[in-house]
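**Q** I need the structure of the sequence given here:
(one chain, ligands or ions: 1)
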Amino acid sequence: MSGAIPPVGVIGAGHWGKNHLRNFAALGALAAFADADAATVSGLAATYPNAKTFVGGEKLIDSGIVKAVVIASPAVTHGALARRALEAGLHVFVEKPLCLDVAEAESLRDLANRNGRVLMVGHLLLYHPAFLAMKRLVDTGVLGDLRYIYSNRLSLGKIRREENALWSFAPHDISMILALTGQLPSKVVATGGHYLDSKVADTTLSHLTFTTGVQAHVFVSWLHPYKDHRMVVVGSKAMAVFDDTRKLAEKVQLYRHGVGWNEDLPVVSRAEAEPVAIEDTEPLRVECETFLKCVATGSRPTSDAEEGIRVLRVLDACQRAIAAGAAVKLS
Ligand SMILES: NC(=O)c1ccc[n+]([C@@H]2O[C@H](COP(=O)([O-])OP(=O)(O)OC[C@H]3O[C@@H](n4cnc5c(N)ncnc54)[C@H](O)[C@@H]3O)[C@@H](O)[C@H]2O)c1
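**A** Got it, this is the predicted structure:
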């Protein structure tokens, strides 16, 4: 990495924030951390003795001792904390989703641009070596023309009480699908299943239509008997699967199946699955390094504010489609 390592503060030291603490500490950048819960802060203080601690992310932002913050608090707090940090002149890496409202996200992007600050979103899968391998298969034409993509993000938990399964899980799948297709869908239809709480969908199924003819769907749930994190991409020449529950050597499989025609009869020729070699990197480590590099050099991350806004626009359209029980068009 070129440039000095900026002092970073981590806000939110819960289930996921702990991974940020570990990574930024290992990268020599962790200067401070905060959590709203005093017991969480004191419980972690001994593990990171060189980091200053705060009860409440707002206090960390106002302290003036960091140049950049990572916001890993619940999604409902993202918008206000990111605004406060940008107004204080800090660079911001906010966990997904960027916030819960498209207009608010656009205003955060404008604020970051005006102040010359990095605003990065935690769309982790864009930094996953298996997804990067899938993208290479698409970009280099191995799969041919894209036809259909689906992505499952299913498990038992983590059940949230504020944002639904769509906003909690699908940012990852939507960010990957938009990266593969290179455009926004023109139309979405979506349904939600509300079982534990009438206001919070536990499971959603969103179907995206693109002007190129590509179709995609995203199925997410926290009420599923086992973990299924799988993306399937079907192209005109070959098909590929990214299964994040498999071991490294088997995470990406390429299927060069063919479908030809004999007179007017379709003829399928089946091929063996070919494992695709991927690098052994921790996606979150790569994501944290990317943030530090962008802060130090002024470069833009793949998951910049614009990318975060595109994902929010699709999430917002899916949410409106669930509420209306009808298709929603995107301009
Ligand atoms: N990229 C990924 O793969 C991934 C995975 C899991 C979670 N996440 C994201 O990380 C974020 C946190 O999720 P989680 O599962 O760790 O939730 P969590 O509930 O386990 O932790 C959130 C923590 O934030 C703290 N907090 C709340 N308000 C705060 C404030 N104002 N200042 C400081 N701390 C505050 C809470 O006390 C809690 O400890 C969410 O945005 C979630 O979507 C991302």
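**Q** And the residue in the stretch 101-250 of the chain that the ligand sits nearest to, what's its pLDDT?
**A** Nearest to the ligand in the stretch 101-250 of the chain, going by C-beta to the nearest ligand atom, is residue 124, at a distance of 3.9 Å. Glycine gets a C-beta too; all of them are placed from N, C-alpha and C. With respect to pLDDT, residue 124 scores 98.
**Q** Would you mind measuring from it to residue 23?
**A** 12 Å (C-beta to C-beta, to the nearest Å).
**Q** Now for the two: what residues contact both?
**A** residue 284 (C-beta atoms under 8 Å, 6 or more residues apart in numbering).
**Q** Show the contacting residues for the residue of the stretch 101-250 of the chain closest to the ligand.
**A** 96, 172, 283-284, 287.
**Q** Likewise for residue 8?
**A** If you count contacts by C-beta under 8 Å, 6+ apart, residue 8 has them with 24, 29-31, 66-70, 292.
**Q** Alongside the ligand, which residues does this structure contribute?
**A** Residues of the chain lying close to the ligand by C-beta under 6 Å from any ligand atom are 11-17, 34-37, 40, 56-57, 72-75, 77, 95-96, 122, 124, 158, 168.
**Q** before we move on, back to that, distance check, the residue of the stretch 101-250 of the chain closest to the ligand against residue 130.
**A** Note on residue 124: its distance to residue 130, by C-beta to C-beta, is 12 Å.
**Q** Look up the closest residue to residue 30, ignoring the ones flanking it.
**A** residue 24 (4.2 Å; C-beta to C-beta, 6 or more residues apart in numbering).
**Q** If you could redo that for residue 95, that was the one I meant.
**A** residue 122 (4.1 Å).
**Q** So what's the residue count around that neighbour?
**A** Counted with other C-beta atoms under 10 Å, residues neighbouring residue 122 total 28.
**Q** do the same with the one 10 residues further on
**A** Other residues within reach of residue 132 by the criterion other C-beta under 10 Å amount to 19.
**Q** List the contacts of it.
**A** By C-beta under 8 Å, 6+ apart, the contact set of residue 132 is residue 278.
**Q** Okay, and it sits in which element?
**A** helix 129-139 (DSSP states H and E).
**Q** just to revisit the earlier point, please indicate which of the residues of the chain next to the ligand are buried?
**A** 11-13, 16-17, 34-36, 40, 57, 72-75, 77, 95-96, 122, 124, 168 (16 or more other C-beta atoms under 10 Å).
**Q** from those residues, which ones fall inside helices?
**A** Using DSSP state H, the members of these that fall in helices are 17, 40, 57, 75, 77, 168.
**Q** Can you point out the buried residues in the helix or strand residue 285 falls within?
**A** For residue 285, the enclosing helix or strand under DSSP H and E is helix 283-297. Neighbour-count burial for helix 283-297 flags 283-296 (criterion: 16+ other C-beta under 10 Å).
**Q** picking that back up, OK, contacts around the residue nearest to residue 30?
**A** So residue 24 contacts 8, 10, 30, 70, 288 (C-beta under 8 Å, 6+ apart).
**Q** Double-check that it belongs to a strand.
**A** No: read with DSSP: H, G, I helix; E, B strand; the rest coil, residue 24 is helix and lies in no strand.
**Q** And it, how far from residue 152?
**A** Using C-beta to C-beta, residue 24 is found at 31 Å from residue 152.
**Q** swap in residue 324?
**A** Residue 324 sits 25 Å away from residue 152, going by C-beta to C-beta.
**Q** Neighbour count: the two, which is higher?
**A** Set residue 324 next to residue 152 and count neighbours by other C-beta under 10 Å: residue 152 wins out with 20 against 11.
**Q** For the helix or strand hosting the more buried one, enumerate the helices and strands it packs against.
**A** Here residue 152 sits within strand 146-156, counting by DSSP H and E. Here strand 146-156 touches helix 165-181, strand 215-221, strand 223-235, going by 3 or more C-beta pairs under 8 Å, 6 or more residues apart in numbering; DSSP states H and E.
**Q** make it 10 Å
**A** With contacts taken as 3 or more C-beta pairs under 10 Å, 6 or more residues apart in numbering; DSSP states H and E, strand 146-156 sits against helix 129-139, helix 165-181, strand 203-209, strand 215-221, strand 223-235, strand 239-243.
**Q** can I get these in TSV with mean pLDDT?
**A** TSV is the format used below for the helices and strands packed on strand 146-156 (pLDDT from 0 to 100):
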stretch	mean pLDDT
helix 129-139	98
helix 165-181	98
strand 203-209	98
strand 215-221	98
strand 223-235	98
strand 239-243	98
